[in-house]
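Q: With the sequence up front, the predicted model follows.
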2 protein chains.
Amino acid sequence: MSVSTDNFLKAVYQLHSDKHQKAVSARLVERLNVSGAAITDMAKHLAQKGLIEYEPYKELRLTNKGREKALAVVRKHRLWETFLVQVLQIPWEKVHGEAERLEHQTSDYLIDKIDEFLDYPKLDPHGDPIPDVKGEMDETINEMVLIAGKSDADFIITRVQHHDEDLMEFYNKHNIRPGKGLRVISKMDKFGFISVEMNGSTIALPEKIARSLYVKPIAKNP
Amino acid sequence: MSVSTDNFLKAVYQLHSDKHQKAVSARLVERLNVSGAAITDMAKHLAQKGLIEYEPYKELRLTNKGREKALAVVRKHRLWETFLVQVLQIPWEKVHGEAERLEHQTSDYLIDKIDEFLDYPKLDPHGDPIPDVKGEMDETINEMVLIAGKSDADFIITRVQHHDEDLMEFYNKHNIRPGKGLRVISKMDKFGFISVEMNGSTIALPEKIARSLYVKPIAKNP
DNA sequence: GTTAATTTTTAAGTTTGCTTAAAATATAAT
DNA sequence: ATTATATTTTAAGCAAACTTAAAAATTAAC
């Protein structure tokens, strides 16, 4: 498998779980930074290899074999991120890019050694679940997206989307990361902002952020 | 820089220091496992980028810029090998293959972090010197190739060539590795063997091995 | 329910890093 | 020194993974 197929399968897998108005193909164009024609080419090619289901003008779907391959790449990516943060102390926002390249050059043997070294972590530094050797992970941490949170309720940040550099910068600046608590002060105003209290101050989060932050409700103080 | 150019420059650098009867180009064909035509192509291409000096039918030479790039790759390779052995406890004979792929996907930033983590090691697990950030290393550990050793003298193994899988297997089987001592019993016989005593027994090393083992003489017992 | 706008596909072409086969040059042998 | 052998280069071509431009199909708009 080439780097391109790795990335294609991984992207299809991830875009599929992130349900969205746009079709997967269209979002692949953005995610992979290639032309639409390249997506069609690759889709046909991988369909022929039994990794995706492809019919012209229909939504792409992974086969079981394709999902397995995708999860293997996701596993490598998230274990590397965890390793780079925990062992080499690389800052949070830098690990994605490094892992993005290392993931394709890491044998199953090596990644299993890394997994063992880290003592089989379940979550990566951004709060994403890490697939185990069999491709299994707990995806149901009872989480929701912040934008769905009710006013005056308390939450813990569980997961943070990190593909977008601008988002990462914003998170960093405001010290937003998994494990942090926050309280929704007021819901979306007409300008598309949601006010939350966190780290001792109140900030207005733009809609884009509020859609990319995953949270878990916690019981109110009695 | 692509993986192919990385490997080309690294190979030219290494074959150059290993002086040998055959020309560098010819040995590149074996080392990189490509046709002679591919070597010429790449040579022209890299010459045009100012990384090597190329004139038809003449020996290839790295420019300073080319040597710098080559050393950066060598540095990444050897630091990864060291890291994999020391931190992840990957067996000696497996690290070369992993490092061979990781080296091309490791940023300067990351490799410097690894270097720092390991506390700036000077030698990799095979006894090869590790270039520092500036590309400097001690190549003169006063070493010689075993085949040049005199009868009845004692040596310490300092370095072991590890590109050849067969050699690695042989080393492993006989527990031959840097740091081990040996004594030359008799020099090359007419069949091309040299007898040495090591690990408590006497073994006949074929010429190929005796040319790939680097040793350092030690004072005889009084 | 047409027409318009958007998305996806097809077709043709590019670049990188190879390949094989033949020609050119260098090296070795007598 | 000439011939034979080996090496290197040139020439032509291929596959992967793209590209742009145009055509086809789908979706949205009125």
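A: Received the coordinates, thanks.
Q: before we move on, what SS does residue A:57 have?
A: coil (DSSP: H, G, I helix; E, B strand; the rest coil).
Q: May I have the phi/psi pair for residue A:213?
A: phi -100, psi 120 (degrees, to the nearest 10).
Q: any idea how far residue A:124 is from it?
A: 16 Å (Cβ to Cβ, to the nearest Å). C-beta here means a position set from N, CA and C on the backbone, and glycine is covered the same way.
Q: which residues does the closest residue to residue A:138 other than its chain neighbours contact?
A: If the residues on either side of it in the chain are set aside, residue A:138 comes closest to residue A:129, at 5.6 Å by Cβ to Cβ, 6 or more residues apart in numbering or on different chains. By Cβ atoms under 8 Å, 6 or more residues apart in numbering or on different chains, residue A:129 lies in contact with A:78, A:122-123, A:137-139, A:141.
Q: export those residues to CSV and tack on pLDDT, neighbour count and distance to DNA strand D?
A: As requested, these are exported to CSV (pLDDT from 0 to 100; neighbours: other Cβ atoms under 10 Å in any protein chain shown; distance: Cβ to the nearest atom of the strand, whole Å):
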residue, pLDDT, neighbour count, distance to DNA strand D
A:78, 98, 23, 23
A:122, 96, 11, 32
A:123, 95, 17, 30
A:137, 94, 17, 27
A:138, 88, 11, 32
A:139, 82, 10, 28
A:141, 71, 13, 32
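Q: Of the residues you listed, which belong to helices?
A: Those of those mapping onto helices are residue A:78, per DSSP state H.
Q: any idea which of the contacts of residue A:129 is closest to residue B:117?
A: Closest approach between the contacts of residue A:129 and residue B:117, by Cβ to Cβ: residue A:78, at 20.7 Å.
Q: these two touch, right, that closest one and residue A:132?
A: No. Assessed by Cβ atoms under 8 Å, residue A:78 is found out of contact with residue A:132, at 10.9 Å.
Q: How about the contacts made by the residue nearest to the spatial centre of chain A?
A: Residue closest to the mean C-alpha point of chain A, counted by Cα atoms, centre = their mean, is residue A:161 at 5.4 Å. Each residue near residue A:161 by Cβ under 8 Å, 6+ apart is listed here: A:126, A:167, A:212-214.
Q: what does chain A put close to DNA strand C?
A: Residues of chain A that fall close to DNA strand C, judged by Cβ under 7 Å from any atom of the strand: A:22-23, A:25-26, A:29, A:36-37, A:39-41, A:43-44, A:54, A:56-58.
Q: redo that, cut-off 10 Å
A: A:21-29, A:35-44, A:47, A:54-60 (Cβ under 10 Å from any atom of the strand).
Q: Return a PyMOL selection command for the buried portion of these.
A: Selection of buried members from the residues of chain A next to DNA strand C for PyMOL, criterion 16 or more other Cβ atoms under 10 Å in any protein chain shown:
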select buried, chain A and resi 24+25+27+28+29+39+42+43+47+54+60
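Q: what about chain A, any weak spots by pLDDT?
A: Scanning chain A with the threshold set as pLDDT under 70 gives A:142, A:189, A:220-222.
Q: What is the burial count for residue A:199?
A: By the measure other Cβ atoms under 10 Å in any protein chain shown, the count of residues near residue A:199 is 12.
Q: Could you do the one 3 residues further on as well?
A: Using other Cβ under 10 Å, residue A:202 has 12 other residues around it.
Q: Setting aside sequence neighbours, what's the nearest residue to residue A:85?
A: residue A:125 (4.5 Å).
Q: okay but the one you found is in contact with residue A:94, surely?
A: No. Using Cβ under 8 Å as the test, residue A:125 is too far from residue A:94 to be in contact (10.7 Å).
Q: Residue A:185: what secondary structure?
A: strand.
Q: Oh, that last question was meant for residue A:196, not what I typed.
A: Once three-state DSSP is applied, residue A:196 turns out strand.
Q: quick one: it and DNA strand D, what's the gap?
A: Note on residue A:196: its distance to DNA strand D, by Cβ to the nearest atom of the strand, to the nearest Å, is 33 Å.
Q: show me what contacts that residue?
A: Contacts of residue A:196 by Cβ under 8 Å, 6+ apart are A:146, A:182-185, A:202-203, A:205.
Q: Among those residues, name the buried ones.
A: A:146, A:182-184, A:203, A:205.
Q: quick check, residue A:93 in a strand?
A: No. Counting by three-state DSSP, residue A:93 is not found in a strand; it is coil.
Q: So it sits against residue A:172, correct?
A: Yes. At 5.6 Å, residue A:93 and residue A:172 qualify as touching, with contact defined as Cβ under 8 Å.
Q: Widest-spaced pair of the contacts of residue A:196?
A: A:146 and A:202 (14.7 Å).
Q: Need the distance between the two termini of stretch A:171-178.
A: One end of stretch A:171-178 to the other measures 10 Å (Cα to Cα, to the nearest Å).
Q: Now do the domain split for chain A, please.
A: Domain assignment for chain A by automatic domain parsing gives A:3-62, A:73-138, A:144-218.
Q: Comparing the ones you listed, which comes out most buried?
A: Neighbour counts (mean count of other Cβ atoms under 10 Å in any protein chain shown) averaged over each of these peak at domain A:73-138, with a mean of 18.
Q: before we move on, the earlier item: remind me which helix or strand the residue nearest to residue A:85 belongs to.
A: If you go by DSSP states H and E, residue A:125 is not part of any helix or strand.
Q: what sits against it?
A: Residue A:125 neighbours (Cβ under 8 Å, 6+ apart): A:81-82, A:85-86, A:92, A:95, A:178.
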